[in-house]
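Visitor: Below are the sequence and a predicted model; questions follow.
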Amino acid sequence: MRPTAAALVALTLAAATLTACGNGSSSSPNTLKVSYKQSTDNSVKVMDTYLAGIKKEFEKKYPGKKVQFVPIKAPDSEYYTKLQQMLRSPRTAPDLVYEDTFLINSDITSGYLKPLDPYLATWPDWSRFIDTAKAAARGQDGKTYGVPDGTDTRGLWFDKRVFRAAGLPPHWQPKNWDDILAAARTIKQRVPGVTPLNVYTGKPAGEGATMQGFEMLLYGTGDGKTDPLYDSGSKKWVAGSQGFKDSLRFVENVYKEKLGPDVSDALDPNFNTTVRGELIPRGKVGIDLDGSWLPQDWLPGSGHAWPDWSRQMGLAYMPTQAGQAPGKVSMSGGWTWAVPAKAGNPDLAFDFIKTMQTEANAKKWYIANSGISVREDVAKDPSYATAQPGIKFFTDLVSATHYRPAYPAYPRVSTAIQEAMEGVTTGDTSVEKAASAYDSTLKDVTGGQVVQR
Amino acid sequence: MNLRRRFTRTLPLAPAVVLILLFLAGPIAYCVYIAFTDLQLTGQAHASFVGFANFRHAFEDDAFLNAVWLTLVFTVLSSLVGQNTLGLALAALMKRASKPVRTLTGGIVVTAWVLPEVVAGFLLYAFFRREGTLNAILGLLHLPRENWLFTLPVLAVSFANVWRGTAFSMLVYSAALDEIPSEISEAAEVDGAGGWRRMWHITLPMIRRSIGTNLMLNTLQTLSVFGLIWVMTRGGPGNKSQTLPLFMYEQAFQNSMIGYGTAVALLLLLVGSLFSVVYLRLLRTEV
């Protein structure tokens, strides 16, 4: 009896100490702590290798300073949760963190991050960054909270084998939405057994449905300049827009006319993996509205290596609804380096960003990561543009790209969009009904911050 | 002196009490507190106390009501009807079966129970999916194929839960049936009572307590099933298989509304206790 009780007392004390005191180590002024997202796939070391090189360079340039990495090994959604918990307390907040633009505004609102404007003002390289990318890390207060290290863009992938069989041109470029549907109808008629046009849809596809699917349509409606989701002037979300209904109508057409994948396949949570890994390489998809990262799945060692892809697959930009200016549309996301509000060494952290973002280091990163450059100097560099087929195409789209209004309500707005899409995809809901259901959900999730347009 | 003795006697209990307070009561109390705030994971500078707003919001939220309804359907189908009856039937049949048959059946059923929830989820996903085993069998028999996870998601996940959880009921009922003195059934048989009559008038009343306990445990376990449904359907298509635990997860971690998610968790706790109260009452009235 006694030994058990003693052990329990010891355990209780240990537990109390652990929970009450945390790690207790205060940050040293000479050690820079850097947190980043480590791949859950042990064979993927791109980020680790790159950062190790930067660390060496940094420690040489700033004698007496040390860099300590605090990697977080987790899938995206769990990475956000873990990071947000670390940022809450000065004891656990690192000096530099890797932030997804998807959630950076939420973390800004939470007060987790430090504005970088004083640093950026005296940093000549900042003028090399393109404006849309700068805006991605800007808070609602107008201050900038992160330095983007690349982006992605989206467009239409088409299979030249399918196009040949359908008698469509091998250098295809639709001028408006109708051209896309027309090509899909031709494929449906002439090449049986192939999905003519894949547009991601519904809640199971998650943010992929919102961004690759719906927003690629929506941002091509209207005048092509003003944000169709969020009105930054009045800081309100847009309800009741014609563009929203038109985009839903497009999705409805795709699935009603059976130009898209079978509805039950489209609503399978793993469908995007199937599309990239199996259907496209096997020549089973005519046109796929998708992202710049697709070739990653076809590299040697990926499990479905497809060295021939650049000869078989064609690329076309996504046109605006009626071909109105600027003619093409793309959506972008990406990651930024940010300094936590509770960081112990913010100055040192920004020095580390500067070391990462010398032109040479930035280029090294884009090529290693098959990322899309947000710096004009790198984008113009021929050794970057030719590093991989397709990279020039997707880099050129950066000029026509849009960033999501990734404000705190965005994840819930996105879910509401997916629900509206799903309704018209299955045919359970009419476009009018789905759009008005979206409007009322929008009002609900944004606390009434809605403007009718 | 008396006081001192009492103190030294209760002292050894103190660590256990502290542990319980720290790790069990503490988090629960904290949960109850959070359920009355608008705490978010991110996207807000300060959380504030909002009273019953989260609970009011839940009852006005169609998605929540849908989740409650689906949870009830899922629980009744898979726990009350499926696991419970099938478990009893298996136990009754196995009592008469030969030893090899008994060992084999028991082995198979218990295997399903021992498998981790996620593994079981993947197995049944593979069974029900369009290219899956079930459709392969139906194809061989020239019967129509169906994408089960899409057309009948609640039925598919309920079946999965029955498949996985029946072993527990079977074990409980096997033990209960073994407790019935064989003289009673034999006497009834001599008096001319058939199988069904003996089941209805002798077996069921005598294992009534086990039925109650089993129903309660089954129900509580089924109410909290998450991994199985998550792996098979993620609550979809749409919200067509989104039970309360999945709804809660979506609100708390995908929409980062920790306060609302916690309030839903408390409501789920309430549903569980309602079921328990009903079972406890049933038990008391008859014995």
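Guide: Noted; the coordinates are in hand. Numbers count the residues shown, from 1 in each chain, chains lettered A, B, ... in the order given.

Visitor: Next, work out how far apart the closest residue to chain B within the stretch 351-453 of chain A and residue B:40 are.
Guide: Using C-beta to the nearest C-beta, the single residue of the stretch 351-453 of chain A nearest to chain B is residue A:408, 3.0 Å away. C-beta coordinates here come from the backbone N, C-alpha and C atoms, glycine included. As judged by C-beta to C-beta, to the nearest Å, residue A:408 and residue B:40 stand 8 Å apart.

Visitor: For the chain, which residues score under the pLDDT cut-off?
Guide: Picked chain A for this. Applying pLDDT under 70 to chain A flags residues A:1-27, A:43-44, A:77, A:301-302.

Visitor: wrong chain, I was asking about chain B
Guide: Within chain B, the ranges that satisfy pLDDT under 70 run B:1, B:285-287.

Visitor: near chain A, which residues of it?
Guide: By C-beta under 8 Å from any C-beta of the partner chain, the residues of chain B that approach chain A are B:12, B:15-16, B:18-19, B:22-23, B:40-45, B:129-130, B:147, B:149-151, B:233-234, B:236-239, B:253-256.

Visitor: can you point me to the longest helix in chain B?
Guide: helix B:258-286 (DSSP state H).

Visitor: Who are the packing partners of that helix?
Guide: Contacts defined by 3 or more C-beta pairs under 8 Å, 6 or more residues apart in numbering or on different chains; DSSP states H and E place helix B:258-286 against helix B:26-35, helix B:53-60, helix B:62-74, helix B:208-223, helix B:244-249.

Visitor: now those as JSON lines including mean neighbour count and distance to residue A:57?
Guide: As requested, the helices and strands packed on helix B:258-286 are exported to JSON lines (neighbours: other C-beta atoms under 10 Å in any protein chain shown; distance: least, C-beta to C-beta, whole Å):
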{"stretch": "helix B:26-35", "mean neighbour count": "14", "distance to residue A:57": "45"}
{"stretch": "helix B:53-60", "mean neighbour count": "16", "distance to residue A:57": "50"}
{"stretch": "helix B:62-74", "mean neighbour count": "18", "distance to residue A:57": "51"}
{"stretch": "helix B:208-223", "mean neighbour count": "20", "distance to residue A:57": "56"}
{"stretch": "helix B:244-249", "mean neighbour count": "22", "distance to residue A:57": "43"}
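
Visitor: Identify the residue of the stretch 51-200 of chain A closest to chain B, quick one.
Guide: Counting by C-beta to the nearest C-beta, the stretch 51-200 of chain A gets nearest chain B through residue A:106, at 3.8 Å.

Visitor: ok, then the element right after the helix or strand that contains that residue?
Guide: According to DSSP states H and E, residue A:106 maps onto helix A:101-109. Per DSSP H and E, helix A:101-109 leads on to helix A:117-121 as the next helix or strand towards the C-terminus.

Visitor: Name the SS class of the closest residue to residue B:40 other than its chain neighbours, please.
Guide: Nearest in space to residue B:40, with sequence neighbours left out and distances taken as C-beta to C-beta, 6 or more residues apart in numbering or on different chains, is residue B:256 at 5.1 Å. Look at residue B:256: counting by DSSP: H, G, I helix; E, B strand; the rest coil, its state is coil.

Visitor: Surely residue B:256 touches residue B:41?
Guide: Yes - contact status for residue B:256 versus residue B:41: in contact at 3.8 Å, counting by C-beta atoms under 8 Å.

Visitor: Of these two, give the one with the bigger neighbour count.
Guide: Using other C-beta atoms under 10 Å in any protein chain shown as the criterion, residue B:256 and residue B:41 rank with residue B:256 on top: 24 against 21.

Visitor: where's the nearest residue to residue A:39 once chain neighbours are set aside, which helix or strand?
Guide: Nearest residue to residue A:39, sequence neighbours excluded (C-beta to C-beta, 6+ apart): residue A:47, at 6.9 Å. Assigning secondary structure by DSSP H and E places residue A:47 in helix A:46-61.

Visitor: And the contacts of that helix?
Guide: For helix A:46-61, the surrounding residues in contact (C-beta atoms under 8 Å, 6 or more residues apart in numbering or on different chains) are A:32, A:34, A:36-39, A:65-67, A:69, A:71, A:351-352, A:355-356, A:361, A:364-365, A:368-369.

Visitor: Could you spell out the sheet neighbours of the very next helix or strand once past that helix, each with its direction?
Guide: Beyond helix A:46-61 on the C-terminal side, the first helix or strand identified by DSSP H and E is strand A:66-69. Strand A:66-69 pairs in its sheet with strand A:31-35 (parallel), by DSSP bridges.

Visitor: Contact partners for the closest residue to residue B:117 other than its chain neighbours?
Guide: Distances taken as C-beta to C-beta, 6+ apart place residue B:227 nearest to residue B:117, at 3.9 Å, with adjacent residues excluded. Residue B:227 makes contacts with B:117-118, B:121, as judged by C-beta under 8 Å, 6+ apart.

Visitor: Next one: residue B:227 from chain A, what distance?
Guide: Per C-beta to the nearest C-beta, to the nearest Å, residue B:227 is found 14 Å from chain A.

Visitor: May I see the domains of chain A written out as residue ranges?
Guide: Following automatic domain parsing, one gets these domains for chain A: A:5-148+A:334-399, A:154-332+A:407-452.

Visitor: want to throw those domains into CSV with distance to residue B:174 and mean neighbour count?
Guide: What follows is the domains of chain A, written out as CSV (distance: least, C-beta to C-beta, whole Å; neighbours: other C-beta atoms under 10 Å in any protein chain shown):
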stretch, distance to residue B:174, mean neighbour count
domain A:5-148+A:334-399, 37, 17
domain A:154-332+A:407-452, 38, 19
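
Visitor: Excluding chain neighbours, give the residue nearest to whatever residue of chain B ends up closest to chain A in space.
Guide: Nearest to chain A, among the residues of chain B, is residue B:43, at 3.0 Å (C-beta to the nearest C-beta). In space, and not counting its chain neighbours, residue B:43 is closest to residue A:408: 3.0 Å by C-beta to C-beta, 6+ apart.

Visitor: List phi and psi for the one you found.
Guide: phi -50, psi -30 (degrees, to the nearest 10).

Visitor: hang on, isn't it packed against residue A:105?
Guide: Yes - in this structure, residue A:408 is within contact of residue A:105 by C-beta under 8 Å, at 6.4 Å.

Visitor: picking that back up, okay, the residue nearest to residue A:39 and chain B: tell me how far apart.
Guide: 23 Å.

Visitor: I'd like to know how many residues surround residue B:132.
Guide: Neighbours of residue B:132 (other C-beta under 10 Å): 17.

Visitor: list the contacts for it?
Guide: B:125-126.

Visitor: again, but for residue A:206
Guide: Residue A:206 touches residue A:418, counting by C-beta under 8 Å, 6+ apart.

Visitor: hmm, back to that, going by distance to residue A:341, which of the contacts of residue B:227 wins?
Guide: residue B:118 (37.5 Å; C-beta to C-beta).

Visitor: Please, which helix or strand holds that closest one?
Guide: Going by DSSP H and E, residue B:118 is part of helix B:117-128.
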